[in-house]
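>>> coords please:
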Amino acid sequence: MFPILHTERLVLRELTSSDGQALLACFSNPEVLRHYGQQPLTSLVQVQQIIQNFANNFAEKRGIKWGIALKDQEGIIGTIGFQEWSIEHRRAEISYALFPEYWGNGYAQEAVKRAISYGFEEMDLVRIGAIVFKENEASNLLLQKIGFEQEGLLKKYMHQHNVPHDTYIYSLIK
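Numbering: from 1, shown residues only. The predicted model follows:
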């Protein structure tokens, strides 16, 4: 059964086909993708396949992706989740994205803290990693504020618009 997580202002819930249009708007937005290392989504068919992939990853214990929703409101304001989940090695990588109109309100920090808690307590993780574009000041500051340790620099690790970017690698150890 897919876990639904709550915070003071947010609900982290399973993504469904009804979230397709919001996901398409989010992940086709150049501002959202500026430091994401992903090509823009272009169709609802593509989004529906991604939602199905998220469900498959959860069923196969390879990852989990939540939609971030404001309490008492329809729709989502972003996504958060773990990928590269290794049960054997008790680790996963966290990633998140918010729609730009919700930036700067503390929602990312609230969602990340709740997901981390779930990762350590329910997924039995010992290490949560994050890979962040060097230029992504907001995300770098957020992770450091929460207690992630910057372990190093991965040179030319991710490409955005065919341009290689350096990324920082972070970890949070239980």
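>>> Just the residues contacting the helix-or-strand element of the chain with minimal mean pLDDT, thanks.
Lowest by mean pLDDT, DSSP states H and E among the helices and strands of the chain is helix 30-33, with a mean of 76. Helix 30-33 is contacted from outside by 26, 27, 39, 40, 97, 98, 99, 100, 160, using CB atoms under 8 Å, 6 or more residues apart in numbering. (Glycine included, C-beta is placed from N, CA and C.)
>>> Count the residues that sit near the last one.
Residue 160: 16 surrounding residues under other CB atoms under 10 Å.
>>> How about the first one?
Around residue 26 sit 22 other residues, with neighbours defined as other CB under 10 Å.
>>> Do you know the pLDDT at it?
pLDDT, residue 26: 84.
>>> just the buried members of the contacts of helix 30-33?
Buried subset of the contacts of helix 30-33 (neighbour count, 16 or more other CB atoms under 10 Å): 26, 27, 97, 98, 99, 160.
>>> picking up where we left off before, in strands only, show me the contacts of helix 30-33.
Per DSSP state E, strands hold the following members of the contacts of helix 30-33: 97, 98, 160.
>>> residues contacting the last one?
Contact criterion CB under 8 Å, 6+ apart gives 33, 34, 35, 36, 37, 133 as the residues in contact with residue 160.
>>> hmm, 7 Å instead?
residue 37 (CB atoms under 7 Å, 6 or more residues apart in numbering).
>>> Could you do the second one as well?
With contact set as CB under 7 Å, 6+ apart, residue 98 has these partners: 68, 77, 78, 107, 108.
>>> Check the contact between residue 41 and residue 22; I expect there is one.
No. Under the criterion of CB atoms under 7 Å, residue 41 makes no contact with residue 22, lying 11.3 Å away.
>>> just to revisit the earlier point, out of the contacts of residue 98, which are inside strands?
Using DSSP E, the members of the contacts of residue 98 that fall in strands are 68, 78.
>>> Neighbour-wise, give me the winner out of the contacts of residue 98.
Neighbour max across the contacts of residue 98 (other CB under 10 Å) = residue 68, 28 neighbours.
>>> Who does it form a beta bridge with?
Legend: beta-bridge partners of residue 68 under DSSP bridges are residue 12, residue 78.
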